[in-house]
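Novice: structure for the following, please:
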Amino acid sequence: MTMHLQAQGSPIVLRMAQESDLDAYLAFLHDEETGRLTGSQQTFTRDQIEAWLRKIGTPSEERVDLLIVLEETGELLGEVVLNEMDAANRSANIRIAIQGTQHRGRGFGTEAMRLMLRHGFDALGLHRIHLGVYAFNPRAIHVYEKLGFKREGVQRDVLYQDGAYHDLILMAILEDEFRALYGEA
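Specialist: Sure, this is the predicted structure:
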């Protein structure tokens, strides 16, 4: 099964990873600003990334990893992931990363999140989708609030980066909140 998500008229497509994505995905992971905004403190070898792409390119009941690409050119913009799936409670975590300043602020992340939220609520039958966002990322917080996420709490001083500790804001959206904003599929 191959997964391909796109809204009518959208310039982006969400699709599963392919082996041919290796070089673009490596560049994505090595984007300094993306790493800073996501709090990533790991480095990965080419072999590790190649194995990871094979893993996420195969459908799983535990997670949904989709790459965000421009439909017209196939250029990799980032990824959006549903993970920490909890079938008993019908909940999951969502995370997103967009690489390169030239791709940020253009609505790609908002559209990718909306597509993945719709997939989570409609196709996977989730009731609650949650995330964590660092307090130093007001642009992302604004996007999540615009999508309907509500703040639920704060984990204080959870990340040490650039010589300072940073809070993690916890947010979530429920299926009825999503449907009130975006209707049924």
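
Novice: which stretches of this protein have low pLDDT?
Specialist: Residues of the chain meeting the criterion pLDDT under 70: 1-2, 101-105, 185.

Novice: all strands of it, in order?
Specialist: 4-5, 12-15, 64-70, 76-86, 91-98, 128-134, 150-161, 164-174 (DSSP state E).

Novice: distance to Gly39 and mean neighbour count added to those, as TSV?
Specialist: Placement of C-beta: from N, CA and C, glycine included. Listed next are the strands of the chain as TSV, based on distance: least, CB to CB, whole Å; neighbours: other CB atoms under 10 Å:
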stretch	distance to Gly39	mean neighbour count
strand 4-5	26	14
strand 12-15	23	22
strand 64-70	18	23
strand 76-86	15	19
strand 91-98	11	21
strand 128-134	6	20
strand 150-161	5	13
strand 164-174	8	17
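
Novice: to Met116, which of those strands lies closest?
Specialist: strand 76-86 (4.7 Å; CB to CB).

Novice: who does the closest one pair with, and is each partner parallel or antiparallel?
Specialist: Strand 76-86 has its sheet partners listed here by DSSP bridges as strand 64-70 (antiparallel), strand 91-98 (antiparallel).

Novice: gap between the longest one and the chain center?
Specialist: Taking CA atoms, centre = their mean, to the nearest Å, the mean C-alpha location of strand 91-98 is offset from the chain mean by 4 Å.

Novice: got the angle for it vs strand 128-134?
Specialist: Computed with axes from the mean of the first three to the mean of the last three CA atoms, to 10 degrees, the direction of strand 91-98 lies at 40 degrees from that of strand 128-134.

Novice: any idea how far the most centrally placed residue in the chain lies from Ser20?
Specialist: The centre of the chain sits closest to Ile96, judged by CA atoms, centre = their mean, with a distance of 2.1 Å. Here the criterion is CB to CB, to the nearest Å. By it, Ile96 lies 22 Å from Ser20.

Novice: would you put the C-alpha positions of stretch 140-160 in PDB?
Specialist: In PDB, the C-alpha atoms belonging to stretch 140-160 read as follows (Å, rounded to 0.1, in the frame of the first residue of the first chain):
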ATOM      1  CA  ALA A 140       4.600  27.300  14.800                       C
ATOM      2  CA  ILE A 141       2.400  28.100  17.800                       C
ATOM      3  CA  HIS A 142       0.400  30.500  15.700                       C
ATOM      4  CA  VAL A 143      -0.100  27.900  13.000                       C
ATOM      5  CA  TYR A 144      -1.200  25.300  15.500                       C
ATOM      6  CA  GLU A 145      -3.700  27.600  17.100                       C
ATOM      7  CA  LYS A 146      -5.000  28.600  13.600                       C
ATOM      8  CA  LEU A 147      -5.500  24.900  12.900                       C
ATOM      9  CA  GLY A 148      -7.600  24.600  16.100                       C
ATOM     10  CA  PHE A 149      -5.100  23.200  18.600                       C
ATOM     11  CA  LYS A 150      -5.600  24.200  22.200                       C
ATOM     12  CA  ARG A 151      -2.900  24.800  24.800                       C
ATOM     13  CA  GLU A 152      -3.000  22.100  27.500                       C
ATOM     14  CA  GLY A 153       0.100  22.800  29.600                       C
ATOM     15  CA  VAL A 154       3.800  23.600  29.700                       C
ATOM     16  CA  GLN A 155       6.800  21.400  30.500                       C
ATOM     17  CA  ARG A 156       9.300  23.800  32.000                       C
ATOM     18  CA  ASP A 157      12.900  23.900  31.000                       C
ATOM     19  CA  VAL A 158      12.700  20.700  28.900                       C
ATOM     20  CA  LEU A 159      15.300  21.600  26.300                       C
ATOM     21  CA  TYR A 160      18.800  23.000  26.800                       C
END
